[in-house]
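Chemist: Coordinates only, no sequence provided:
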Ligand code: FES
Ligand SMILES: [Fe+2]
């Protein structure tokens with residue numbers, strides 16, 4: 001079923017390639033410059049987006065086995081993810097029930113139990129408090145009432161989402177809008193996590209705009225990979241999540257194939273964004289690999305931090321590992337020295353007040369849709385969140401009046 005959707009997208013891309021067209025929005029979009037730097041706006045985005053919608057915090061490949069865990073800071077919230085003995089993933093605040101210390105240091109590992117570094121209270125992988133150090137001295141406390149505080153969590157398509165609101169009424173499935181069925185075609189469950197690295201950048205929306213933008217490739221990236229890539233894009237969405245794919249004439253090779261004979265590589269080409277903060281760019285050669293970029297706002301409106309994860313379909317041999325290491329180094333260079341270096345200067349320029357607005361063109365439909373969803377969520381009450389995701393599951397805001 002979802003493969004049919006991939007083929008439909010490929011056919012639309014091919015039709016655009018053969019006609020020499022791309023999707024265009026009917027109008028330009030003007031976004032107020034202050035949306036990229038005003039503190040009040042930024043705080044609203046933190047509260048109403050990052051603290052309310054599910055965030056992709058980990059991949060299955062990072063924690064595939066029972067006892068595997070990952071501790072991390074997610075938009076200012078310390079989170080602990082754990083794979084239990086039965087194989088399911090659970091998420092908790094990384095916070096001790098005694099006096100609130102962070103239990104595990106940031107990073108991934110494997111363990112039988114979580115022991116707090118402050119006074120050695122101990123929890124099992126399911127978050128139950130199993131031991132209080134010097135229990136007699138401390139006093140009799142009902143351990144069953146002092147488990148780690150759980151957070152909503154869902155593992156799908158080899159990816160793990162967590163909502164940073166323990167009382168969320170938005171089912172993670174509803175938020176995914178069917179996009180997970182498409183992402184499942186990567187088969188990430190069996191992939192290998194090769195390495196991770198971080199890059200500091202500008203305001204999270206300046207950074208994220210760039211992931212949906214192919215328009216800049218031959219210009220900003222003229223000295224690296226840009227000249228090899230087309231700069232035209234079509235946008236396909238499932239709720240707020242968007243796949244960015246260029247009109248590729250090479251798809252003609254498969255147009256008469258039966259659905260089962262379409263190879264998965266060209267069907268998954270392009271950039272897969274997952275609202276509000278993930279981009280997955282795929283590569284071919286020696287097996288498939290992707291760079292999954294996980295973007296979080298920093299501690300101020302003008303900063304962000306991106307963790308890049310390099311995932312490989314096959315566990316690499318020595319030669320493949322050396323090539324992957326080089327490619328990953330190159331990708332960091334491109335993002336740090338080209339995208340984010342430009343973004344940090346753009347941030348300063350926007351803050352200078354020289355322009356009241358920025359403009360997204362008719363060829364930048366990804367930005368139209370993304371900013372519409374940001375605005376929509378800022379204006380949605382907690383109780384209406386699920387309804388909004390159901391209502392706009394198939395709407396592309398930039399393209400609603402024609403493509
Ligand atoms: S704060 Fe964790 S054991 Fe005291
Ligand atoms: Fe770029």
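Modeler: Looks like it arrived, so ask away. Since the model is a prediction, treat every value here as computed from it, not as a measurement. Residues are numbered from 1 along each chain as shown. Ligands and ions are numbered 1, 2, ... in the order given.
Chemist: Could I get the phi/psi values of the most centrally placed residue in the chain?
Modeler: Centroid-nearest residue in the chain: residue 278, 2.0 Å away (criterion: CA atoms, centre = their mean). Here is the backbone geometry of residue 278 (degrees, to the nearest 10): phi -120, psi 140.
Chemist: and it, what is it in contact with?
Modeler: 56, 292, 293, 294, 295 (CB atoms under 8 Å, 6 or more residues apart in numbering). All C-beta atoms are positioned from the backbone trio N, CA, C, and that covers glycine.
Chemist: Quick check: bridge partners of it?
Modeler: residue 274, residue 294 (DSSP bridges).
Chemist: returning to that earlier point: show me which of the contacts of residue 278 are buried.
Modeler: 56, 292, 293, 294, 295 (16 or more other CB atoms under 10 Å).
Chemist: between these, which is closest to residue 226?
Modeler: Checking the buried ones among the contacts of residue 278 against residue 226 with CB to CB, the nearest one is residue 293 at 17.6 Å.
Chemist: Tell me which other helices or strands the helix or strand bottoming out on mean pLDDT in the chain touches.
Modeler: Ranked by mean pLDDT, DSSP states H and E, the weakest helix or strand in the chain is helix 264-267, scoring a mean of 89. On a contact count with 3 or more CB pairs under 8 Å, 6 or more residues apart in numbering; DSSP states H and E, helix 264-267 meets helix 2-19.
Chemist: Quick check: residue 240 touching residue 212?
Modeler: No - taking contacts as CB atoms under 8 Å, residue 240 lies outside contact range of residue 212: 11.5 Å.
Chemist: Name the residues of stretch 151-171 that are buried.
Modeler: 151-165, 168, 170.
Chemist: same deal with stretch 115-124?
Modeler: In stretch 115-124, counting by 16+ other CB under 10 Å, buried: 115, 116, 121, 122, 123, 124.
Chemist: Include secondary structure, distance to residue 190 and pLDDT when you put these into TSV, please.
Modeler: Formatted as TSV, the buried residues of stretch 115-124 follow (DSSP: H, G, I helix; E, B strand; the rest coil; distance: CB to CB, whole Å; pLDDT from 0 to 100):
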residue	secondary structure	distance to residue 190	pLDDT
115	strand	32	98
116	coil	34	98
121	coil	36	98
122	strand	33	98
123	strand	30	98
124	coil	27	98
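Chemist: could those residues be laid out in TSV, adding distance to residue 27?
Modeler: Listed next are the buried residues of stretch 115-124 as TSV, based on distance: CB to CB, whole Å:
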residue	distance to residue 27
115	58
116	55
121	58
122	59
123	54
124	56
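Chemist: What about ligand 1: which of these touch it?
Modeler: For ligand 1, the contacts drawn from these by CB under 6 Å from any ligand atom are 116, 121.
Chemist: Let me see the contact set for the nearest residue to residue 315 once chain neighbours are set aside.
Modeler: Excluding the flanking residues, the one nearest residue 315 by CB to CB, 6 or more residues apart in numbering is residue 192, at 4.6 Å. Neighbouring residues of residue 192 by CB under 8 Å, 6+ apart: 61, 311, 312, 313, 314, 315, 316.
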